[in-house]
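A.B. asks: sequence below, structure please.
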Amino acid sequence: QVQLVESGGGSVQAGGPLRLSCAVSGSTSGFCMGWFRQAPGKEREEVATFDRFSRTSYVDSVKGRFTISQDNAKNSLYLQMTSLKPEDTAMYYCAAQRPCLGGSAKNFAYWGQGTQVTVSS
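C.D. replies: Numbers count the residues shown, from 1 in each chain. Predicted structure coming up:
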């Protein structure tokens, strides 16, 4: 069992950066972590995830702009976002899965409460 708490969301102008953090309580041994987002009226989508070999995967729309990282010593997951666009506006969620089955949201059993990111043009 893990508990996830996101932070770092906010309002930013287009082109700006933002860094999201996810504090993880409980052991992350054997878990794969990821970030998802959901905009109003849209389905939740994978933004960036780790697989069981610690390889990263990004949705095409954020490649080259977002970076996922994990600090096991601090029990934390991060999402560094740069060159933000209005279409990045969404609620962002930290998620965990065990076993590691892949990036689909349905494979993740543990979720944080979300942190809102709003990008204005």
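A.B. asks: excluding its backbone neighbours, what's nearest residue 2?
C.D. replies: Distances taken as Cβ to Cβ, 6 or more residues apart in numbering put residue 26 closest to residue 2, at 4.1 Å, once the chain neighbours are dropped. (C-beta placed from N, C-alpha, C; glycine too.)
A.B. asks: what pLDDT does the one you found get?
C.D. replies: Per-residue pLDDT puts residue 26 at 83.
A.B. asks: then residue 74?
C.D. replies: pLDDT, read off for residue 74, is 88.
A.B. asks: quick check: it vs residue 40, distance?
C.D. replies: Separation of residue 74 from residue 40 (Cβ to Cβ, to the nearest Å) stands at 32 Å.
A.B. asks: just residue 61 next, same as before
C.D. replies: Counting by Cβ to Cβ - residue 61 and residue 40 are separated by 17 Å.
A.B. asks: of these two, who's got more company?
C.D. replies: In this view residue 61 and residue 40 are compared by other Cβ atoms under 10 Å, and residue 61 has more residues nearby, 12 against 7.
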